[in-house]
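Q: compute the structure for the input listed below.
(one chain, ligands or ions: 1)
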Amino acid sequence: MAVLGQGQPALLVKVVMAGESCVGKTSIVRSYTEPGAPACSSSYLATIGIDFKVKPITLNDTRVKLQIWDTAGQERFHTLSTSYFRGAQGFVLVYDITNMDSFQGITSWMKDIHEKAGDEVDIILLGNKCDKESERVVPKRKGEKLAWEHGIHFFETSAKDNVNIEDAFSLLTKEILEKKSCVLYDLDVVDLNESKKRTCCAF
Ligand SMILES: Nc1nc2c(ncn2[C@@H]2O[C@H](COP(=O)(O)OP(=O)(O)OP(=O)(O)O)[C@@H](O)[C@H]2O)c(=O)[nH]1
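A: Predicted coordinates for the structure are as follows:
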């Protein structure tokens, strides 16, 4: 793998959150990008439309700017949300271990991802809210089996207790870097203007 050191532009990686409404996508992003701030609140505020956060990380001496798009899971936003799938290099596909419908919806989300973003994208499956063990309805082995059938990695996570969130994003990013061409991006430039980007086939 080519290494981009200090002073060189970081690689821009686009990752999209997907999954049913209320499974914890926004809370996972918050837990990852705003350490220290409470990821979960007692009241639920649905994502309206789309939002993105940027998380700079360094993996094996390679500087990466993770651009994490948080989509709305509500059915009425489905067309808008899936329109952001195009061009993504990775997906964090989330269900809630206390909600069987959210787990059963995963196959359909998987289909949407492959239709819009192709078959080569990297996906990681997360069974979120693992802190709510007493309310669990989706056994861990079901998540593991589904992930195994699709050839993807799986974690059970808690955005509330910050369990496995960092590991999940790191693993997904590593997989993307190992096989994908990425976009070069100057760390100090905030503008995502097309002219400031160029394709890099360093990997
Ligand atoms: N106990 C617990 N609650 C969580 C966890 N993650 C999220 N929640 C709660 O679940 C509810 C929904 O979380 P969100 O992050 O808004 O869910 P979402 O998937 O972004 O929902 P949409 O925006 O509608 O797509 C909120 O009340 C969160 O506080 C978790 O790991 N554990």
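Q: next, the residue most central in space within the chain: phi, psi?
A: Nearest to the geometric centre of the chain sits residue 92, at 3.2 Å (CA atoms, centre = their mean). Main-chain torsions, residue 92, degrees, to the nearest 10: phi -110, psi 110.
Q: hey, what's it bridged with?
A: Following DSSP bridges, residue 92 is listed with bridge partners residue 17, residue 124.
Q: any weak-confidence spans in the protein?
A: Within the chain, the stretches with pLDDT under 70 are 1-8, 39-40, 42-43, 180-203.
Q: give me every residue in it lying close to the ligand.
A: By CB under 6 Å from any ligand atom, the residues of the chain that approach the ligand are 21-27, 40-41, 44, 46-47, 72-74, 128-129, 131-132, 158-160. The way it works is simple: take the backbone N, C-alpha and C, and place the C-beta from them, glycine included.
Q: just the residues you listed: which are in strands?
A: Members of the residues of the chain next to the ligand lying in strands (criterion: DSSP state E): residue 128.
Q: just the buried ones from the residues of the chain next to the ligand, in PyMOL syntax?
A: Filtering these down to the buried ones (16 or more other CB atoms under 10 Å) takes a single PyMOL command:
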select buried, resi 21+22+23+24+25+26+27+40+47+72+73+128+129+131+158+159+160
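Q: I figured the residue nearest to the centre of the chain was touching residue 168, is that so?
A: Yes. Residue 92 lies in contact with residue 168 (CB atoms under 8 Å); the separation is 6.9 Å.
Q: what is the neighbour count of residue 63?
A: Neighbour count of residue 63, defined by other CB atoms under 10 Å: 19.
Q: what is residue 67 paired to in the beta sheet?
A: Using DSSP bridges, the bridge partners assigned to residue 67 are residue 14, residue 54.
Q: quick check: it vs residue 116, distance?
A: 17 Å (CB to CB, to the nearest Å).
Q: more neighbours: those two, which one.
A: Neighbour totals were compared for residue 67 and residue 116, and residue 67 leads with 19 against 16 (other CB under 10 Å).
Q: contact partners for that one?
A: Neighbour list for residue 67: 12-15, 52-54 [criterion: CB atoms under 8 Å, 6 or more residues apart in numbering].
Q: just the buried members of these?
A: Buried members of the contacts of residue 67, counted by 16+ other CB under 10 Å: 12-15, 52-53.
Q: between those, which is nearest residue 147?
A: Taking CB to CB as the measure, residue 147 lies nearest residue 15 of these, at 17.2 Å.
Q: which parts of the lengthiest helix in the chain are buried?
A: Ranked by residue count and defined by DSSP state H, the top helix of the chain is helix 165-179. Burial within helix 165-179, assessed by neighbour count using 16+ other CB under 10 Å, is assigned to 165, 168-169, 172-173, 175-177.
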